[in-house]
Structures are given as C-alpha cells and as structure tokens.
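Student: Predicted model follows, preceded by the sequence.
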Amino acid sequence: MVMGHEGSGIVEEIGEAVTDVAPGDHVVISFGPYCGGCRACSDGRFSNCERKLANAQRGNLLDGTSRLSLDGQRISHQSSVSSFAQEAVVHESSAVKVREDAPLETVALLGCGATSGLAPVFNDAQVEAGSSVAVIGVGGLGLNTVQASALSGALTIIAIDLLDHRLDQAREFGATHAINAGQQDPIAEVQRISGGGVDYAFEVIGLPETVLQAIQMVRPGGETIVIGALAGDAVVSIPWMGMMRGPLRRSGFGASRPNVDIPRYVDLYMAGKLRFDELVTGRYPLSGFHDAVEVMERGEGVRNIIHPNG
C-alpha cells in the first residue's frame, strides 16, 4: 500500500470524462471521494458514499481499480488517495480546486484532518452564537474544532487534554477555558464552568472512555458529537440515562461537501478567519516519513508536512 490520505498539488493530466478540474489547477486532495449517485450521495451524505466505503476498504479507487503496481504486482491505495508520492491518481471528486494564491503546503491540511475538525461544528452540530462547547482532545483535529466553535460565536469553549502545551495552543485558537484531564476531573470541571453542562461536547480522541465523558458533559438536551475514530472492535457501553441527556452523533468527515466546504475554508483562511499555519510544526522529505510519524507518536507536534519532492 502507498500511504497518505490527504494532500495538495497541481493537476498534470486528466481523464477524458473529467470536467471539474484542468491541467494547471491547484487542488486539495480530499480523502472523501464520492460517486454522486448512490443513496447516501443523493441524500447529501457524501462522506458515507457507498462506492467510496466499499472500494476504499479494498485499497481501490472509486471505480474499483488500483492504478498502482510494482514489478507487475498490484499495490493498494490508502483511502482511495495515496498521497505520499510524487504523483497520485485520484477520482475527480478528490481533486478539489482551490484559489492559486493559497499556499499548497498549508491547505493540504484540509484534505482530511482540518476539515474533519471544522465541518462537524459548521455542518453537523451547527453551533450557535452564544452557546457553550467542550472539546475533548485538542491536537491536530481538536484545535480546528476549537477555532470553528469560536468563529461560530460560541461564548464558552472548554478545551480538555492531558498535555499542557496543547491546552496553551487551544487558548490561542479561541478556547476560553482549559482543563488538564490528568490533574482535574474533566466532567466535574465542565459542569462547574458551564453551570450544569455544555450545549455541545465534541469527542476528538476516539476512545470509549472519552465518549462516555463527553456524554456526561452536556446539559439535558445538549448534543454529543464523536469525531474521534474508535477502533473497529471498540465497544462503548452507555447507561440509558446517559442516552436520555441528548442526541449522540457520529461525525464522519463532518457531513462535508468537499467541493463546497474546502474552497470556503481556504477563503476563510486567506481572510485571516481560520488559522492553519500554526498547525504545521514540522516539515519532512518523503524519505523522512518515519521520523515524522515518531514525532507525532510522542505527542510533540501538531501536524507534520511531507514534501514528496523534498
């Protein structure tokens, strides 16, 4: 498998049926290609595209094929993208055209991570001005959830993490309060700060324990949104009274419409409304991929950029 599920670049060639982009266009490579014709796409749930889900699990593009090989042997695509390479073949819905004055290095973050943190706030929860928000986990995704909540006008934004440097950065991105969950009871603190529970609790880690914490942080009628990706065999046992508190939603790519949302986020970034430059804490050549991963595993960085031609 060739790894890499998000990125950016310049279109070199297109297939004869492609109409959305042309050679020379600057694009963000989205990990959310969609067919536009299945039931999920027809309902506007592009991140649940049936063809994408079926083929990505097999290491294929949307048409059911792999365009990668080595010595005559088929190689799988990661998430129908495989961007850790000097060139990539993707479905046209993965190549989202963006304005040419936007730095490709930075907007590459919108191919998955940044959008996965922003879109749940704007599309799924539709956080309202004056509301209260808790964000569990303020790494590369959670910081975007924080800044999207601030941009939406939330008055109380509570960041929760185990690392103080991440909490400090969350304040820079708009958090009004910070809780180190290793030093304080996060549920009790959120309840205290918000006066009985927040309107929206976002879980951005992907653990059964933190999903349960998020449910207990909302006020009666408040909404819990799970952004974090739990292990496939993870089991979350939720007390019935917890379910009675309010809606529980799993956010898959934030119900994102990549061709609409990504250019909009780029415009907001270029206007100074969203912060992406501060998310990039390391830059590595393709040969330094393993070093970049090790830094992330140690919790030392936010987002690392791989330069295929570096």
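Tutor: Received it, and whenever you're ready, just let me know what you need.

Student: Tell me how far stretch 42-59 lies from the chain's centre.
Tutor: Mean-position distance between stretch 42-59 and its chain equals 16 Å (C-alpha atoms, centre = their mean, to the nearest Å).

Student: wait, stretch 28-41
Tutor: For stretch 28-41, the distance to the chain centre is 16 Å (C-alpha atoms, centre = their mean).

Student: That stretch: which residues count as buried?
Tutor: Buried residues in stretch 28-41, counted by 16 or more other C-beta atoms under 10 Å: 28-35, 38, 40-41. (Each C-beta comes from the backbone N, C-alpha and C, glycine too.)

Student: Neighbours of P239, how many?
Tutor: 11 (other C-beta atoms under 10 Å).

Student: Correct me if wrong: E223 contacts R250.
Tutor: No. Assessed by C-beta atoms under 8 Å, E223 is found out of contact with R250, at 12.0 Å.

Student: the more surrounded of those two?
Tutor: When neighbours are counted by other C-beta under 10 Å, E223 and R250 differ, and E223 comes out ahead with 21 against 15.

Student: which stretches of the stretch 151-300 of the chain form helices?
Tutor: For the stretch 151-300 of the chain, the helices defined by DSSP state H, counting those that start in this stretch occupy 164-172, 186-194, 208-217, 240-243, 258-270, 289-297.

Student: in this structure, which helix or strand is least confident?
Tutor: Sorted by mean pLDDT, DSSP states H and E, the helices and strands of the chain end with helix 240-243, the least confident at a mean of 77.

Student: Identify the residues contacting it?
Tutor: Here helix 240-243 makes contact (C-beta atoms under 8 Å, 6 or more residues apart in numbering) with 212, 215-216.

Student: can we see that at 7 Å?
Tutor: 215-216 (C-beta atoms under 7 Å, 6 or more residues apart in numbering).

Student: Report the buried residues of that helix.
Tutor: Buried residues in helix 240-243 (16+ other C-beta under 10 Å): G242.

Student: just use 241 as the starting number from now, easier for me
Tutor: In the new numbering, first residue 241, that becomes helix 480-483.

Student: Just the C-alphas of that helix, formatted as PDB.
Tutor: Extracted in PDB, the C-alpha atoms of helix 480-483 (Å, rounded to 0.1, in the frame of the first residue of the first chain):
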ATOM      1  CA  TRP A 480     -29.600   4.600  29.400                       C
ATOM      2  CA  MET A 481     -29.800   7.800  31.400                       C
ATOM      3  CA  GLY A 482     -26.700   9.000  29.500                       C
ATOM      4  CA  MET A 483     -28.600   8.500  26.300                       C
END
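
Student: and stretch 329-345, C-alpha only, in PDB?
Tutor: What follows is stretch 329-345, C-alpha atoms only, in PDB (Å, rounded to 0.1, in the frame of the first residue of the first chain):
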ATOM      1  CA  VAL A 329      -4.100   9.200  -9.400                       C
ATOM      2  CA  VAL A 330      -7.400  10.200  -7.800                       C
ATOM      3  CA  HIS A 331     -11.000  10.400  -8.600                       C
ATOM      4  CA  GLU A 332     -12.000  13.900  -9.800                       C
ATOM      5  CA  SER A 333     -14.200  14.400  -6.700                       C
ATOM      6  CA  SER A 334     -11.000  14.000  -4.600                       C
ATOM      7  CA  ALA A 335      -9.300  16.800  -6.600                       C
ATOM      8  CA  VAL A 336     -10.900  19.900  -5.100                       C
ATOM      9  CA  LYS A 337      -9.900  23.100  -7.000                       C
ATOM     10  CA  VAL A 338      -8.800  26.000  -4.800                       C
ATOM     11  CA  ARG A 339      -7.500  29.500  -5.400                       C
ATOM     12  CA  GLU A 340      -4.000  29.700  -6.700                       C
ATOM     13  CA  ASP A 341      -2.800  32.300  -4.200                       C
ATOM     14  CA  ALA A 342      -3.300  29.900  -1.300                       C
ATOM     15  CA  PRO A 343      -0.100  28.100  -0.200                       C
ATOM     16  CA  LEU A 344      -0.400  24.500  -1.200                       C
ATOM     17  CA  GLU A 345       1.700  23.300   1.800                       C
END
